[in-house]
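[1] Kindly generate the corresponding structure for this input.
(chains A and B)
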Protein chains: 2
Amino acid sequence: MRVGLDVGGSKTEGVAVASDGSIIARVRRNTGWGPDAVVETILRVVADLGAQLGADASGAASRFSSVGIGIPGQIAPGTLRVEHAVNLGIEALDLGDTVASALGVQVRVDNDVRAAALGAAVLRGGSGSIAYLNLGTGIAAGIVTGPEAGHGARRQTEPGTVWRGARGAAGEVGHISVDPAGPVCRCGQRGCIEALAGGAALAERWGRPGTHPVGDIFEAAEAGDPLALTLRGELARGVAAAVRILVLTTDVETVILGGGLTALGARLHDDVRRELEAVAEASVFLRSLALAERVELLAPGSPAAAFGAALAGAPEEGVLIHG
Amino acid sequence: MRVGLDVGGSKTEGVAVASDGSIIARVRRNTGWGPDAVVETILRVVADLGAQLGADASGAASRFSSVGIGIPGQIAPGTLRVEHAVNLGIEALDLGDTVASALGVQVRVDNDVRAAALGAAVLRGGSGSIAYLNLGTGIAAGIVTGPEAGHGARRQTEPGTVWRGARGAAGEVGHISVDPAGPVCRCGQRGCIEALAGGAALAERWGRPGTHPVGDIFEAAEAGDPLALTLRGELARGVAAAVRILVLTTDVETVILGGGLTALGARLHDDVRRELEAVAEASVFLRSLALAERVELLAPGSPAAAFGAALAGAPEEGVLIHG
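    The predicted structure follows:
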């Protein structure tokens, strides 16, 4: 049985995945702040999963063959070390080693967007390639290849391959500029996709108090507020640009939108579709790609990231190292 | 022995590749216009290669195990049929079947940019992933994965895998807009990379007579001509944008510039490097990616496309079907 965790800035979600790939336990806890509290949160979530499965907390780890952790930070290639997880108060942490020695199981650590990409691809089913475009405070994508990428036939049970890139920068589409006259991005460039469509950038430009600034923008836009209309338009423009870039560069079959902003639901999805259709109106080439039809929204509350963290590089179920 | 051909709008190049991967014969002919003349050109180039290797022309094909053809057109996935090869006067042609029945050998057909990408990757050596960015009349890229993409260990002799995408659109970065106020592209959008940096778009905007308009633009820019300075700047801006998009989406280790415009040599390379460095100046994130150092120029006269066409999907040398 494999465990996957999605360590988010506010909540940490955990799932237990049976050998047939089904999710048989699922828990959620508030995430602590700083290295020690994050490790503590992870250990508690693993214990909660064990308890949910009927084991006493101390024996829970022995039932799990591996623990995969998805976390919003940089993971140095080939290591289990997290760096610059600023939303968790972590500058640098040997997360994998710390958790592995506490639990006595094999631990893997991955970037949360990559984990969510893999999880979203497998939960969606089908064999095509996907890009998972995470719309949260910032914007980044994870790319999962299908058999059409030239990998030859995959076994039905294989979950696809996450495209990582040479230096771990694959999918960093948030910092591609699509408008030299656009707003300044926190990265220093102008007109980055993240400066147009990232949650933090939108909240800052909106500048009014409220706990759900992007939801407030959509409501104010519906009431005709000019700034809100501009920002709502730029959100759709930025997301549509990211979709075009992902498809015209990698030609993934499907782009799945996920992340906090997708709580906006059909309103966001419709805006993005309309923007893609409006641009395709001018271009026979773009029309032939049918981009608007290739965009999907991740189901609300989907455990894609935790599920993907459980799958990412996990050993086959036969290779239990405990239990 | 494998044969590869690069069918260009003006010239067709052919190479014969020995089992150790070395090029042992190389020929060049003017390309005919229209389906029949293109097939005729291909058959003559194959015969020329046979003659160069000392066989009489009629027996040449029997020495070759496979013929790979790279051609500037769309190849419907899974077929050997070429469509919309407008620079060759071909609307639709069953190229693979026609050449195979004339020569009696296995034939494969690939898009010329993809073939050049594979050839450039193998000729360059090393195991890292590359994008080959073709700067010609239009702009498109081919992406070749390395072992870091998650494919596991490759055998030393394997030439990497060309990323094709779900619908054959991978690498179509020329039609990504990077400036909503930019010039109108022939595809109908505004500010496409091809509208900024494609040879045809530059020639049209330059609008003065001459057989090498982009070379003329560079010379006039050195003499201070304002339009030429603008166009030269936009060429660098467009190419740099394509490099950023390729690396931030796929994180290939190296971007190799090829195609007709690279006859400009160091002047083009320096402009692109300067543009990448100027944008990175503003952004710690971009600086960390060291983009300017990751751009290379394909050697002038490199047979990358013909060589790549010979390799693409060719059977191992032991699987000779003739000879």
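
[2] Quick one: neighbours of A:Pro209, just the number.
    The burial metric for A:Pro209, expressed as a neighbour count using other C-beta atoms under 10 Å in any protein chain shown, is 7. Heads up, the C-betas are built off the backbone N, CA and C, glycines and all.

[3] and it, what element?
    Here A:Pro209, judged by DSSP states H and E, is contained in no helix and no strand.

[4] for it, what are its contacts?
    Residues in contact with A:Pro209, defined by C-beta atoms under 8 Å, 6 or more residues apart in numbering or on different chains, are absent; none qualify.

[5] Spatially central residue for chain A, please.
    A:Val113 (3.0 Å; C-alpha atoms, centre = their mean).

[6] which helices and strands does the helix or strand in which that residue is found pack with?
    Element membership of A:Val113 [criterion: DSSP H and E] is helix A:112-124. In this structure, helix A:112-124 packs against strand A:2-7, strand A:66-71, strand A:130-135, strand A:139-145, strand A:161-163, strand A:254-258, helix A:304-311, with contacts taken as 3 or more C-beta pairs under 8 Å, 6 or more residues apart in numbering or on different chains; DSSP states H and E.

[7] immediately after the shortest one, which helix or strand?
    Once the chain leaves strand A:161-163, the next helix or strand it forms, by DSSP H and E, is helix A:193-197.

[8] got the angle for the helix or strand just after that following helix vs strand A:139-145?
    Along the chain past helix A:193-197, the next helix or strand (assigned with DSSP H and E) turns out to be helix A:199-206. Relative orientation of helix A:199-206 versus strand A:139-145 (axes from the mean of the first three to the mean of the last three C-alpha atoms, to 10 degrees): 150 degrees.

[9] export helix A:199-206 as PDB, just CAs?
    Once non-C-alpha atoms are left out, helix A:199-206 reads as follows in PDB (Å, rounded to 0.1, in the frame of the first residue of the first chain):
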ATOM      1  CA  GLY A 199      -3.600  34.700  -8.000                       C
ATOM      2  CA  ALA A 200      -1.100  36.900  -6.100                       C
ATOM      3  CA  ALA A 201      -0.600  39.300  -9.000                       C
ATOM      4  CA  LEU A 202      -4.400  39.700  -9.500                       C
ATOM      5  CA  ALA A 203      -4.900  40.200  -5.700                       C
ATOM      6  CA  GLU A 204      -2.200  42.900  -5.600                       C
ATOM      7  CA  ARG A 205      -3.600  44.700  -8.700                       C
ATOM      8  CA  TRP A 206      -7.200  44.500  -7.300                       C
END
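
[10] which helices and strands sit right next to the helix or strand following it?
    The element immediately downstream of helix A:199-206 (helix or strand, assigned by DSSP H and E) is helix A:213-222. For helix A:213-222, the elements it packs on are helix A:199-206, helix A:226-250, judged by 3+ C-beta pairs under 8 Å, 6+ apart.

[11] mean confidence score for the shortest one?
    The pLDDT scores in helix A:199-206 average 97.

[12] Ok, the last one next?
    On average, the pLDDT along helix A:226-250 is 98.

[13] Ok, stretch A:109-121 next?
    The predicted model gives stretch A:109-121 an average pLDDT of 95.

[14] quick one: contacts for A:Val109?
    A:68-69, A:71, A:75, A:80-82, A:95-96.

[15] what bridges to it?
    Counting by DSSP bridges, A:Val109 is bridged to A:Ile69.

[16] Residues in a beta bridge with A:Asp6, which ones?
    Beta-bridge partners recorded for A:Asp6 (DSSP bridges): A:Glu13, A:Gly70.

[17] just checking, it touches A:Ala116?
    Yes: A:Asp6 is within contact range of A:Ala116, at 7.3 Å (criterion: C-beta atoms under 8 Å).

[18] Return every residue with contacts to both of those two.
    When contacts are counted by C-beta under 8 Å, 6+ apart, A:Asp6 and A:Ala116 are jointly contacted by A:70, A:305.

[19] how's chain A carved up into domains?
    Taking automatic domain parsing as the criterion, chain A consists of the domains A:2-116+A:303-319, A:126-297.

[20] residues from the stretch 51-200 of chain A in reach of chain B?
    Taking C-beta under 8 Å from any C-beta of the partner chain as the test, the list of the stretch 51-200 of chain A residues beside chain B reads A:77, A:128-129, A:141, A:143, A:145-146, A:148-151, A:161-173, A:175-181, A:185, A:187-189.

[21] burial count for A:Phe218?
    19.

[22] can you check A:Thr98 too?
    Other residues lying near A:Thr98 total 18 when counted by other C-beta under 10 Å.

[23] So it belongs to a strand, correct?
    No: assigned with DSSP: H, G, I helix; E, B strand; the rest coil, A:Thr98 falls outside any strand and is helix.

[24] so what's it up against?
    Residues in contact with A:Thr98, defined by C-beta under 8 Å, 6+ apart, are A:Val39.
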